[in-house]
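Trainee: I would like to see how this sequence folds:
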Amino acid sequence: MRTRAAGLCAAAVVLAGSVTAAPADARTPSPASAVRIAWKQCGTASSPTLQCGSLDVPLDHANPSGRQITLALSRVPHTAGTYQGPLLVNPGGPGGSGLALAGFVASALPRSVAAQYDVIGFDPRGVGKSTPALNCDPGYFAPVRPDTVPATPALEKAGLTRVRSFAAACGKKYASVLPYLDTVSAAQDMDAVRRALGAERISYLGYSYGTYLGAVYAKLHPQRVRRLVLDSVVDPEGVWYEANIAQDYAFDGRHRALMAWIAGHDSKYRLGTDPRQVEAKWYAMRAALARRPAGGKVGASELEDTYIPGGYYNGYWPHLAEALAAYVNRDDSGPLLDAYRDLGAVSASDENGYGVYSAVQCRDASWPRDWRQWSKDNWAVYERAPFMAWSNAWYNAPCAFWPTASLHRTSVANDRLPPALLFQATNDAATPYQGGLTVHRLLAGSSLVVEQGGGNHGITLSGNRCLDTYLSAYLADGTVPRGSGAADAVCPALPDPEPPAARTASVSSPGAGLHALLGFRR
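Mentor: Residues are numbered from 1 along each chain as shown. Purely as a prediction, here's the structure:
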């Protein structure tokens, strides 16, 4: 498969439809509309030309003259003579801030391609620098939390008390806002941004949940879509309860892949050459931390928070392997505490992201309101895939008690779009492979590029030249691959990382920049 994939990466692609390099509606933004956003310089060392702005939008798009909220925006302006219009970018979530992503995408794309776009980042409603920004229950994730596995009535009661209190706190603080925190409202915000930019159409690059946001926008405004890139694709037919259960099985597989990687480097970590033996030691560490949290901070729940990121991105594997080896072999919890600080600890911005995550997912689609259904389903998952089953259940459990009624799930089936380009890794845990296949089927004329054997979440602009070649060609002139199988093109995955030579050495990975922006639980 790798040999075939390498050949496909070099194969010619075909021109999709009649998309041209610089349509008239993209060359020159309307000055009368564009002045609605007052851009100011806010450059950084890595993004010196970055600009920041804001836009007021209706809280309720059905009542445009009613209460207004504010979206925070960022922009890297185009510099080429050929102007292809705005490229909106979103890192996922729901709840992810996209302001810094604009600078990253503009610098990670080939200069000749990025220069043709105004790359636009934004904090969706409720997020980050947009106002109001949610923080429902500060300190909700403060250590040490109850063990996620409700093995006793007391643990189950403690978990239910926590999630009920979180849902109630959100309802009390943001009663007037929660009915308007949903994907459809966020998509309508995107169209308000389009109008403020003076653009007839927009292009879009979304990761993770951002793929669902982009697909919903395309459903609502197909005539406003110029180019649509969806990377690590949410299965829209599982939004959201079923999608989270599917994640549990996929993350268990990625955790076992980490255990196998550690076993394959036994000369470094000394935890055994049998992946099952390494996994048993991890679960023994979990049991020990449930009894006696490391440093008074890392109990069983915090351990899961620390290792779940390894399911998103294998660049974290050496850090996590060293934490396990030090704890098991040397009774040294220092590396584990470092890993928790780097990957598991929750900041104020994370609390904001979780508030929006909960508000949007709980509002978007129906959830079981009977806890007995949650208990039955998640114990069934736990029997087969224990790694993240109950951690994920409690993460989403406020939706069982959410104070705002749920909407109906949005169908994203669409035959009115220009060709869209989808990217999907076969072993992605956060958005399992089926999501890419489903959206490929639902978006008529779309093309799917698969990273064979890849397990990372967010795969373009992460060092895989084969994938990025397809992305760049599409953004440059609309070309997409066309194949006869389930995928239109296949790229081989990058190799897993190697352990650092020194115990304290850091690991440099080509995807580190992107994954620092995408975050976890998306």
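Trainee: By mean pLDDT, flag the weakest helix or strand of the protein.
Mentor: When each helix and strand of the chain is scored by mean pLDDT, DSSP states H and E, helix 2-10 comes last, with a mean of 29.
Trainee: Please report the residue range of the longest helix in the chain.
Mentor: helix 241-264 (DSSP state H).
Trainee: just how off-centre is the helix or strand just after that one within its chain?
Mentor: Along the chain past helix 241-264, the next helix or strand (assigned with DSSP states H and E) turns out to be helix 266-269. Remark: helix 266-269 is offset 32 Å from the chain centroid, using Cα atoms, centre = their mean, to the nearest Å.
Trainee: who's in contact with helix 266-269?
Mentor: Contacts of helix 266-269 with the rest of the structure, by Cβ atoms under 8 Å, 6 or more residues apart in numbering, involve 262, 272-273, 321-322, 324-325, 499. (Each C-beta comes from the backbone N, C-alpha and C, glycine too.)
Trainee: who's in contact with the closest residue to Pro398 other than its chain neighbours?
Mentor: In this structure, Pro398 finds its nearest non-sequential neighbour in Ala167, 4.2 Å apart by Cβ to Cβ, 6 or more residues apart in numbering. Going by Cβ under 8 Å, 6+ apart, Ala167 touches 358, 362, 398-399, 401-403.
Trainee: ranges for the helices of the stretch 201-350 of the chain?
Mentor: Residue ranges of the helices in the stretch 201-350 of the chain, as given by DSSP state H, counting those that start in this stretch, are 209-220, 241-264, 266-269, 275-291, 300-307, 309-312, 317-330, 334-339, 348-364.
Trainee: among these, which is the most enclosed?
Mentor: helix 209-220 (a mean of 27; mean count of other Cβ atoms under 10 Å).
Trainee: I'd assumed Gly171 was in contact with Thr404.
Mentor: Yes. Between Thr404 and Gly171 there is a contact at 7.4 Å, judged by Cβ atoms under 8 Å.
Trainee: Have a look at the two and say which one is more surrounded.
Mentor: For Thr404 and Gly171, the more surrounded residue by other Cβ atoms under 10 Å is Thr404, and the numbers stand at 19 against 16.
Trainee: so how far is Leu471 from Ala114?
Mentor: 11 Å (Cβ to Cβ, to the nearest Å).
Trainee: Now flag whichever of the contacts of Ala167 is closest to Gly454.
Mentor: Gly454 lies nearest to Ser358 out of the contacts of Ala167, by Cβ to Cβ, at 29.2 Å.
Trainee: Now the closest one: closest residue in space that isn't a chain neighbour?
Mentor: Pro398 (5.1 Å).
Trainee: Run through the residues that contact that neighbour.
Mentor: Counted by Cβ under 8 Å, 6+ apart, Pro398 has contacts 163-164, 166-167, 170, 358, 362.
Trainee: one more time with 7 Å
Mentor: 163, 166-167, 358, 362 (Cβ atoms under 7 Å, 6 or more residues apart in numbering).
Trainee: List phi and psi for it.
Mentor: When read as degrees, to the nearest 10, the backbone of Pro398 gives phi -50, psi -20.
Trainee: What separation do you get for it and Ala300?
Mentor: 20 Å.
Trainee: Same question for Cys466.
Mentor: On the measure of Cβ to Cβ, Cys466 and Ala300 end up 40 Å apart.
Trainee: Low-confidence stretches in the stretch 1-150 of the chain?
Mentor: Applying pLDDT under 70 to the stretch 1-150 of the chain flags residues 1-35.
Trainee: those helices in it, which residues are they?
Mentor: Under DSSP H, counting those that start in this stretch, the stretch 1-150 of the chain gives helices at 2-10, 24-27, 31-34, 99-108, 111-114.
Trainee: Nearest to Glu156, out of the helices of the stretch 201-350 of the chain?
Mentor: helix 300-307 (13.9 Å).
Trainee: Rounded mean pLDDT for the closest one, please.
Mentor: Mean per-residue pLDDT for helix 300-307: 98.
Trainee: now do stretch 175-189
Mentor: Mean predicted confidence for stretch 175-189 is 98.
Trainee: Please state the offset of that stretch from the chain centre?
Mentor: Distance, centroid of stretch 175-189 to centroid of chain: 19 Å (Cα atoms, centre = their mean).
Trainee: check contacts around Phe104.
Mentor: Phe104 sits in contact with 513-514, 517, where contact means Cβ under 7 Å, 6+ apart.
Trainee: For the buried ones among those, write the corresponding PyMOL selection.
Mentor: Buried subset of those, written as a PyMOL selection, criterion 16 or more other Cβ atoms under 10 Å:
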select buried, resi 514+517
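Trainee: Could you dump the contacts of Phe104 into TSV and include secondary structure and pLDDT?
Mentor: TSV is the format used below for the contacts of Phe104 (DSSP: H, G, I helix; E, B strand; the rest coil; pLDDT from 0 to 100):
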residue	secondary structure	pLDDT
Gly513	helix	93
Leu514	helix	95
Leu517	helix	94
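Trainee: And the contacts of Phe104, which is closest to Ala133?
Mentor: Leu517 (18.1 Å).
Trainee: before we move on, back to that, check which helices and strands the longest helix of the chain is in contact with.
Mentor: If you count contacts as 3 or more Cβ pairs under 7 Å, 6 or more residues apart in numbering; DSSP states H and E, helix 241-264 packs onto helix 275-291, helix 309-312, helix 317-330, helix 371-384, helix 389-396.
Trainee: In contact with Arg254, which residues?
Mentor: 311, 427, 429, 455.
Trainee: nearest spatial neighbour of Ala250, skipping sequence neighbours?
Mentor: Ala429 (4.0 Å).
Trainee: Excluding covalently adjacent residues, which one is nearest to Tyr357?
Mentor: Of all residues not flanking Tyr357 in the chain, Gly95 sits nearest, at 4.1 Å (Cβ to Cβ, 6+ apart).
Trainee: Give me the neighbour count for that neighbour.
Mentor: Quick note: Gly95 (other Cβ under 10 Å) scores 30 neighbours.
Trainee: That one reaches Glu351, doesn't it?
Mentor: No. Assessed by Cβ atoms under 7 Å, Gly95 is found out of contact with Glu351, at 9.9 Å.
Trainee: so how far is stretch 155-171 from its chain's centroid?
Mentor: For stretch 155-171, the distance to the chain centre is 25 Å (Cα atoms, centre = their mean).
Trainee: what does stretch 343-354 give?
Mentor: Centroid separation between stretch 343-354 and its chain, computed with Cα atoms, centre = their mean, is 14 Å.
Trainee: Just the endpoints, please. Distance across it?
Mentor: This stretch, stretch 343-354, spans 15 Å end to end (Cα to Cα, to the nearest Å).
Trainee: now it: mean pLDDT?
Mentor: Mean predicted lDDT for stretch 343-354 stands at 97.
Trainee: shouldn't Leu55 be in contact with Arg195?
Mentor: No. Taking Cβ under 7 Å as the definition, Leu55 is not a contact partner of Arg195, at 9.4 Å.
Trainee: More neighbours: which of the two?
Mentor: Leu55 (21 against 15).
Trainee: what pairs with that one across the strands?
Mentor: Leu71 (DSSP bridges).
Trainee: how near is it to Ser130?
Mentor: Taken as Cβ to Cβ, the span from Leu55 to Ser130 is 9 Å.
Trainee: joint contacts of those two?
Mentor: Leu71.
Trainee: Please give me every residue in contact with Met259.
Mentor: Neighbours of Met259 in contact, by Cβ under 7 Å, 6+ apart: 275, 278-279, 282.
Trainee: which parts of stretch 111-121 are buried?
Mentor: Buried residues in stretch 111-121 (16+ other Cβ under 10 Å): 113-121.
Trainee: Give me the contacts around it.
Mentor: Against stretch 111-121 from outside (Cβ under 7 Å, 6+ apart): 73-80, 82-89, 98-102, 105-106, 193, 203, 472, 475-476.
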